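> Here is the input, now give the coordinates:
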Amino acid sequence: MGTTLKRSQTQASSHSVLVVGNYCHDVLPRNGTIIAETIGGAASFISNVFNALSVSCHLTSKVGQDFKYPVTYEPIVVSSARTTVFHAHFGVGLGGNGRQDRVLKRVEACDPIRPADLPEMRFDFGMAVGVGGEILPETLQRMAEICDVVFVDIQALTRVFDRNDGTVKLVGLKESGFYHLLPRIGFLKASEEEALFMDVEEVRKWCCVVVTHGKDGCKLYWKDGEMKITPFSANQIDPTGAGDSLFGGFVAGLVHGLAMPDAALLGNFFGSLTVAQIGLPKFDFRLLQKVKDEVQRRKMQYRSDSRVEELKYMKPSGHEEFHASLTAVKSMFTRPIEECEQDFLVLVPAPKAVEQVRSPH
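This is a model prediction of the structure:
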């Protein structure tokens, strides 16, 4: 493994993280009607978690003039383009793995993010999290030059789009045009399905691989080993953005100085919160304060253990207790699934033709 995260690099500081990926407009059609419209894109979910955990970042994103959502990090507005739009068509009910079948279609695509769009400054961490094909190989290469460690979501590299209807498909990582950059990447995140399009055994020789498994949490792979990270129970309503929130929680944990297994646990925690809401989740302020308290308490425990001077790929003492404390916090603010389902029903608006939704209103 060529990725070493030193304690000095993981202290929260101004613009410690660069996030690169376009904001999107997500539309959820079902049975010919629109049941929800919301801001989307991995960048929106990740920055949402960063805001929740008081992590400062710089976000590079492009949108069209039709973009109307209020955001903390202002995007680059391209006057000649439209905001990227995705339609997520879900099957009825949940599968045995706790996930809904989904057909994702890119209806509109904004401009790609180029190296010249990135800021002229250094960052501790960089996150390449495109969803609509907006990140180019040369952009990722530039990120590797200005960021100490680069985290990449594989969907930014392997997604392709049907020319006729925009249906999202995947190509193998070796055929993506990004494979030669693996030695410059510190972490590569993939869903269980996306991981089938790469050779994990080969990729783990170059970087740490984080594979998400829905309700079963995630698993870390590195050159010399692997580790399953315990999940959190969740009342799943909408799986959209869960992997993004997990990724954001993971990096936020590292920024705050958590060991990698503990940071991944924090990622699982925010992924479980995200699936219980439709679209971009809203986090209870009281819950967030208690989570921050637990993170601070966890960091204090490290100070008495000299073995955690540098972050290693092993579960530090007290890892299970950290999971238990976060579970207790979550139980204090989690409502019964019947109430979550009622929220889902309230969000169903009057019927509206799917074809009419092309951009934010």
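
> show me what contacts the nearest residue to Leu273 once chain neighbours are set aside?
Distances taken as CB to CB, 6 or more residues apart in numbering place Pro281 nearest to Leu273, at 5.9 Å, with adjacent residues excluded. Just so you know, the C-beta spots here come from the backbone N, C-alpha and C atoms, and that holds for glycine as well. By CB atoms under 8 Å, 6 or more residues apart in numbering, Pro281 lies in contact with 48, 241, 245, 273-274.

> which stretches of this structure form helices?
42-52, 137-146, 155-158, 200-203, 242-255, 260-274, 285-302, 319-333, 337-346 (DSSP state H).

> and for the longest one, what are the contacting residues?
Okay, so that is helix 285-302. Contacts for helix 285-302 (CB under 8 Å, 6+ apart): 52-54, 253, 256-259, 262, 266, 269, 308, 316-318, 322, 325-326, 329-330, 332-333.

> Pull the number of nearby residues for Val171.
For Val171, the neighbour count with other CB atoms under 10 Å is 13.

> and what of Asp216?
Asp216, neighbours per other CB under 10 Å, totals 15.

> From Ile237, how far off is it?
Counting by CB to CB, to the nearest Å, the gap between Asp216 and Ile237 amounts to 18 Å.

> where does the stretch 101-250 of the chain have low pLDDT?
Within the stretch 101-250 of the chain, the ranges that satisfy pLDDT under 70 run 101.

> can you pull out the strands in it?
102-108, 123-128, 147-153, 159-161, 168-170, 187-191, 208-212, 218-222, 225-229 (DSSP state E, counting those that start in this stretch).

> Can you convert those strands into TSV and add a column each for mean neighbour count?
Converted to TSV, the strands of the stretch 101-250 of the chain look like this (neighbours: other CB atoms under 10 Å):
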stretch	mean neighbour count
strand 102-108	17
strand 123-128	26
strand 147-153	25
strand 159-161	17
strand 168-170	16
strand 187-191	25
strand 208-212	23
strand 218-222	21
strand 225-229	16
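
> would JSON lines of the ones you listed with distance to Phe178 be doable?
Shown next, in JSON lines, are the strands of the stretch 101-250 of the chain (distance: least, CB to CB, whole Å):
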{"stretch": "strand 102-108", "distance to Phe178": "19"}
{"stretch": "strand 123-128", "distance to Phe178": "9"}
{"stretch": "strand 147-153", "distance to Phe178": "8"}
{"stretch": "strand 159-161", "distance to Phe178": "11"}
{"stretch": "strand 168-170", "distance to Phe178": "13"}
{"stretch": "strand 187-191", "distance to Phe178": "10"}
{"stretch": "strand 208-212", "distance to Phe178": "14"}
{"stretch": "strand 218-222", "distance to Phe178": "18"}
{"stretch": "strand 225-229", "distance to Phe178": "23"}
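
> wait, which of those is closest to Gly177?
strand 159-161 (10.8 Å; CB to CB).

> Could you list the paired strands of the closest one along with their orientation?
Strand 159-161 has the following sheet partners, assigned by DSSP bridges: strand 168-170 (antiparallel).

> got a list of contacts for the partner strand?
104-106, 158-162, 193-194, 197.

> Check what pLDDT Ala350 gets.
Looking at Ala350, its pLDDT is 38.

> do Phe333 as well
83.

> how near is it to Cys218?
22 Å.

> Likewise for Lys189?
8 Å.

> which neighbours do the two share?
210-212.

> with these in mind, which one is nearest to Thr84?
For those, the nearest to Thr84 is Thr212 (22.3 Å; CB to CB).

> Right, I'll call it a day here.
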